[in-house]
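[1] Just need the structure, nothing else, for what follows:
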Amino acid sequence: MQFRILGRTGQKVSCIGFGGIPIISVNEKEAWHVLNTALDYGINFIDTARGYRESEELIGKSISERREEYFLATKTRGKDEAEVLQEYEKSIGYLKTDIIDLYQIHYINTLDELAHIMKKGSVLDTLRRLQAEGVVRYVGITGHDAEVLLSAARTEEFDAVQGAFSYVEKGKSVNDLIQYCDQNNIGFIVQKPLSGGAISCATAGLRWILGHPVSVVIPGMFTVEQVAENVKAGEGGFELTVEEHRELETIASKLTDNYCRRCNYCHPVCPQNLRIGVILEFYGKGKLPETFALMKRLYNGLEMHASDCTECGLCLPECPYSLPIVDMLKEAHELLK
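    The predicted model follows:
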């Protein structure tokens, strides 16, 4: 495993980190095996958030006894001091730790939201107070709009910035953000590196990203097989072959703007506990003739189907890409039932 410096923090982190959302889809025993396997392979950057349902709790129960072996990043979506402090107390309780290495202000996607968290006495000031008390080491920000994140980086208030970057999502704005962070010693954490599983050649997709000046890439994992495959990408040699480039291009060319990246932000708010990201992955791949039969079989093997959606709409504002999730679930069921 190669290690990189996380910007001005000076901390050495594994170039492949552990994205903590998908772990909520397995039980405690399976989570224990996956998380400990990740540490055994040399992954030392663990990413989670208060909003990722039981993710923090599973991490705490599984690897808190190995706390000195990993750099822990979690997040708050609190909108004021009281909410932030409430989330902080819950996070350290579930994670079984007395210090958060990187506490990130989560899901800031507009300039108005950025202005709000930076107002005097607001969210950033609360995190600074926790930092002064020694219970938070570094402060970061996450979001899905590269231009908003660039504005945040330019304030020089954040030690790390976390944004989406992949072979599919590689436009000028995110490249400008990555270059700015690199030139100004701000750690850049890559979320959604495989575009929610759309990039099926995971090793090539991750190696392509690691050829850029990023600090750490955090693919989501919930099986030991995924851990083993992702770790291979962090062993060095980030130049791709012609065949690997061609495969990535083929995948990207088949995707429309209206596809699910499986960030799973919708999952924690679903009152039915519907595996929305998984269903929409099957839906996207099921539209391809060569994978339709397999996706239909996998979909029908799920315990709950898209038809179990109550259309409450709670998922809609959680989607950073403004996808019509309820409509897509209906289409998925019609295609795959």
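
[2] name the element the closest residue to Thr291 other than its chain neighbours belongs to?
    Distance criterion C-beta to C-beta, 6 or more residues apart in numbering; nearest residue to Thr291, sequence neighbours excluded, is Lys285 at 4.7 Å. C-betas here are computed from N, CA, C, even on glycine. In the assignment (DSSP states H and E), Lys285 maps to helix 276-286.

[3] next one: Glu113
    Counting by DSSP H and E, Glu113 is found in helix 111-118.

[4] What residues sit buried inside that helix?
    The neighbour-count check on helix 111-118 (16 or more other C-beta atoms under 10 Å) flags 113-114, 117-118 as buried.

[5] Contact partners for the residue nearest to Val278 when sequence neighbours are not counted?
    Using C-beta to C-beta, 6+ apart and skipping the chain neighbours, the partner closest in space to Val278 is Leu302 (7.2 Å). By C-beta atoms under 8 Å, 6 or more residues apart in numbering, Leu302 lies in contact with 275, 278-279.

[6] Going through those residues, which one is the model least confident about?
    Least confident by pLDDT among the contacts of Leu302: that is Val278, with 84.

[7] show me what contacts it?
    Residues near Val278 by C-beta under 8 Å, 6+ apart: 25, 262, 302.

[8] For those residues, could you give me CSV that also reports secondary structure and pLDDT?
    Converted to CSV, the contacts of Val278 look like this (DSSP: H, G, I helix; E, B strand; the rest coil; pLDDT from 0 to 100):
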residue, secondary structure, pLDDT
Ser25, helix, 80
Arg262, coil, 71
Leu302, coil, 89
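
[9] nearest to Val148, of the residues you listed?
    Arg262 (22.1 Å; C-beta to C-beta).

[10] how many neighbours does that closest one have?
    23 (other C-beta atoms under 10 Å).

[11] Next: the one 10 residues further on.
    The local packing count at Gln272 equals 12, with neighbours defined by other C-beta under 10 Å.

[12] Surely it touches Glu311?
    No - in this structure, Gln272 is not within contact of Glu311 by C-beta atoms under 8 Å, at 10.4 Å.

[13] Which strand residues bridge Ile141?
    Ile105, Val161 (DSSP bridges).

[14] And the strands in the stretch 51-200 of the chain?
    For the stretch 51-200 of the chain, strands defined by DSSP state E, counting those that start in this stretch occupy the ranges 71-76, 100-105, 136-142, 160-164, 187-191.

[15] packing partners for the last one?
    The contact analysis (3 or more C-beta pairs under 8 Å, 6 or more residues apart in numbering; DSSP states H and E) places strand 187-191 against strand 136-142, strand 160-164, helix 172-183, strand 216-217.

[16] Out of these, indicate the one that is most buried.
    Ranked by mean neighbour count, the helices and strands packed on strand 187-191 are led by strand 216-217 with a mean of 28 (mean count of other C-beta atoms under 10 Å).

[17] mind listing what Ser64 touches?
    Applying C-beta under 8 Å, 6+ apart, the residues near Ser64 are 95-97.

[18] can you redo these as a markdown table with distance to Glu87 and neighbour count?
    Conversion of the contacts of Ser64 to a markdown table gives the following (distance: C-beta to C-beta, whole Å; neighbours: other C-beta atoms under 10 Å):
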| residue | distance to Glu87 | neighbour count |
| --- | --- | --- |
| Leu95 | 12 | 25 |
| Lys96 | 16 | 16 |
| Thr97 | 14 | 18 |
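
[19] just the buried residues of helix 111-118 now: which is nearest Glu89?
    For those, the nearest to Glu89 is Ile117 (19.2 Å; C-beta to C-beta).

[20] ok, and the closest non-adjacent residue to that closest one?
    In space, Ile117 comes closest to Val123 once its chain neighbours are excluded; the distance is 4.0 Å by C-beta to C-beta, 6+ apart.

[21] Looking at the buried residues of helix 111-118, which one is closest to Phe165?
    Of all the buried residues of helix 111-118, Phe165 sits closest to Leu114, with 19.4 Å by C-beta to C-beta.

[22] Now do the contacts for Cys102.
    In this structure residue 102 is Leu, not Cys. Leu102 touches 6, 9, 71-74, 137-140, 159-160, counting by C-beta under 8 Å, 6+ apart.

[23] Okay, the nearest residue to Leu150 once chain neighbours are set aside and Leu149: tell me how far apart.
    Counting by C-beta to C-beta, 6+ apart, Leu150 lies nearest to Leu177, which is 4.7 Å off, once chain neighbours are set aside. With distances taken as C-beta to C-beta, to the nearest Å, Leu177 is found 6 Å from Leu149.

[24] So which residues of the stretch 201-337 of the chain form helices?
    Using DSSP state H, counting those that start in this stretch, the helices assigned to the stretch 201-337 of the chain run over residues 202-210, 224-233, 242-254, 276-286, 292-300, 325-336.
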